[in-house]
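> One predicted model, sequence on top.
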Amino acid sequence: MLSFSLTTMFAQDESEDSKDYNWTVFTNATELTYVSGDGFSGGALSAGALYNISEKFQAGAVLAIGFGDLESDAAISIGARYFVFNDVFVGASLPVTDEAGEGFNLSLGNRFNLGDRIEFLPGISYNTDEKEITISTGFAIKL
């Protein structure tokens, strides 16, 4: 669940002094889901935030909620990511609630800056319990 995206926004010109962003707010584009069919409709939405502990290390949490016929209790995971080479990062997350699943999610991704505040974050993750590989894309905004 530790993947990163939000909405498309335009970066603002800022002075060099104000580029110290402490938070990254994200959601995974593959976790913005809506399904509809004969007598069935529902979806899921997840969002998270990471705090910059150092220049290369971030830690935070993800919250996912299902609605409609996919309604569920809040799924909460905690996680972290570490930038290994410039914009290449490795990450790990661990579910806190039963709804978030089981096992560690290990991920590898790349950050592409689309301005001062917007990031495009493609990645791949592996769940150690479900033995499942997920390819994801998303956007994040730095605050």
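Arrived safely, thanks for sending.
> Quick check: Asn59 touching Tyr51?
Just so we're on the same page, residue 59 is Ala rather than Asn. Yes: here Ala59 lies in contact with Tyr51, judged by C-beta atoms under 8 Å, at a distance of 6.1 Å. In short, each C-beta sits where N, CA and C put it, glycine included.
> Now do the lowest-mean-pLDDT helix or strand in the chain: which elements does it pack against?
The helix or strand of the chain with the poorest confidence is strand 33-37; it has a mean of 74 (mean pLDDT, DSSP states H and E). The elements that strand 33-37 packs onto, with contact taken as 3 or more C-beta pairs under 8 Å, 6 or more residues apart in numbering; DSSP states H and E, are strand 40-52.
> Can you dump the C-alpha atoms of the strand it packs on in PDB for me?
Taking Å, rounded to 0.1, in the frame of the first residue of the first chain, the C-alpha atoms of strand 40-52 are listed here in PDB:
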ATOM      1  CA  PHE A  40     -23.200  -4.000  -7.400                       C
ATOM      2  CA  SER A  41     -21.300  -0.700  -7.000                       C
ATOM      3  CA  GLY A  42     -18.500   0.400  -4.700                       C
ATOM      4  CA  GLY A  43     -14.900   1.400  -4.500                       C
ATOM      5  CA  ALA A  44     -11.900   2.100  -2.400                       C
ATOM      6  CA  LEU A  45      -9.600   5.100  -1.800                       C
ATOM      7  CA  SER A  46      -6.300   5.300   0.000                       C
ATOM      8  CA  ALA A  47      -4.100   8.100   1.000                       C
ATOM      9  CA  GLY A  48      -1.000   8.500   3.100                       C
ATOM     10  CA  ALA A  49       1.700  10.800   4.300                       C
ATOM     11  CA  LEU A  50       5.400  10.500   4.800                       C
ATOM     12  CA  TYR A  51       7.600  12.700   7.000                       C
ATOM     13  CA  ASN A  52      11.200  13.500   6.000                       C
END
